[in-house]
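Peer 1: Attaching a predicted model along with its sequence, questions to come.
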Amino acid sequence: MSEKNKRKILVVDDDITVCKSISKAIVTEEYQVDTALSGEQALKKDLEECYDLVITDLMMPGISGLDLLKSLKEKRPEVIVIMITGYPAIKTAVQSIKIGAFDYIPKPFTPAELRSLVSRSFKKIESEEKAKKEPPPPKMPAGLYCIIGHTWLRKEGNGLVTIGIVADFLKPVGIITHLELPHENDNVTQGEECAKITDAEKFSHRIWSPATGRVLELNERLKEDFSLLRRDPYSDGWLFRIEPTNLEEDLQSLIISK
């Protein structure tokens, strides 16, 4: 592939070893991967190159990953940004989705997990072009709380919460071959993995929980029919129900659909 047609990726971290390891994990003939050791350097490089994807650490001295995200999105709303975060910053990572990050990946992560996320981010662009020629996905009903482009929750009258996948999440995902859900009585935590989808290309797509609590019920119908996730994501395609432990605090990190 010619240099002109390659996707441009910028990896940003104040640790050069991390930059090199991430670059090594994702570089292919289809990608041009550059690095920056600070948010300031990243902004300068982006002015010159206009990267398609920026992968940045959340916690950096000077311009933080969150500040970098805001600056990039103000100048180029179309740029895709993936945040790298440590466990203590999960809440901040969820907030980053609210202000425009495509997704985040918590440490530690494997090269395969990172490659899956990069692939899904670029397929999102392709799916948006394709979607212009196809019927739109099911519209999210009003009154649901969500991590934008990821998961939703609905407050039930009995104090429980139903959780599912936002239709937009599945646009860039290929044919679903496996769905991994939590078990009954497992505890899930807001912003952490609660389920995983594997597609026909063997990419794994991690799904973040929008709330913290104990799993009480699974949607058994999904074991027989993955298509419900796409056909009816806000009703019959729900994932599981939980008994929330701190719902009001969790809701502050989410967006409510209108």
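Peer 2: Arrived safely, thanks for sending.

Peer 1: residues touching the nearest residue to residue 186 once chain neighbours are set aside, list them.
Peer 2: Of all residues beyond its chain neighbours, the one nearest residue 186 is residue 215 (4.8 Å), with distances taken as CB to CB, 6 or more residues apart in numbering. Quick note: C-beta positions are derived from backbone N, CA and C, even for glycine. Residues in contact with residue 215 (CB atoms under 8 Å, 6 or more residues apart in numbering) are 182-188, 240-242.

Peer 1: pLDDT below threshold where in the chain?
Peer 2: For the chain, the stretches flagged by pLDDT under 70 are 1-4, 87-89, 129-134.

Peer 1: Going by residue numbers, what spans are strands in the stretch 101-250 of the chain?
Peer 2: Using DSSP state E, counting those that start in this stretch, the strands of the stretch 101-250 of the chain run over 103-106, 145-147, 151-155, 161-165, 176-180, 187-188, 193-199, 204-208, 213-218, 240-244.

Peer 1: Just the buried ones from the contacts of residue 215?
Peer 2: Buried residues within the contacts of residue 215, defined by neighbour count using 16 or more other CB atoms under 10 Å: 182, 188, 240-242.

Peer 1: want to try CSV for those residues, with distance to residue 226 as columns?
Peer 2: Formatted as CSV, those follow (distance: CB to CB, whole Å):
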residue, distance to residue 226
182, 17
188, 20
240, 15
241, 19
242, 21
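
Peer 1: Of those residues, which is the nearest to residue 48?
Peer 2: residue 188 (42.5 Å; CB to CB).

Peer 1: List the contacts of that closest one.
Peer 2: Counting by CB under 8 Å, 6+ apart, residue 188 has contacts 182, 194, 209, 211-215, 242.

Peer 1: what bridges to it?
Peer 2: residue 213 (DSSP bridges).

Peer 1: start the count at 9, not 1, going forward
Peer 2: Yep, numbering from 9; the last one is residue 196 now.

Peer 1: Quick check: the gap between it and residue 113.
Peer 2: For residue 196, the distance to residue 113 equals 18 Å [CB to CB, to the nearest Å].
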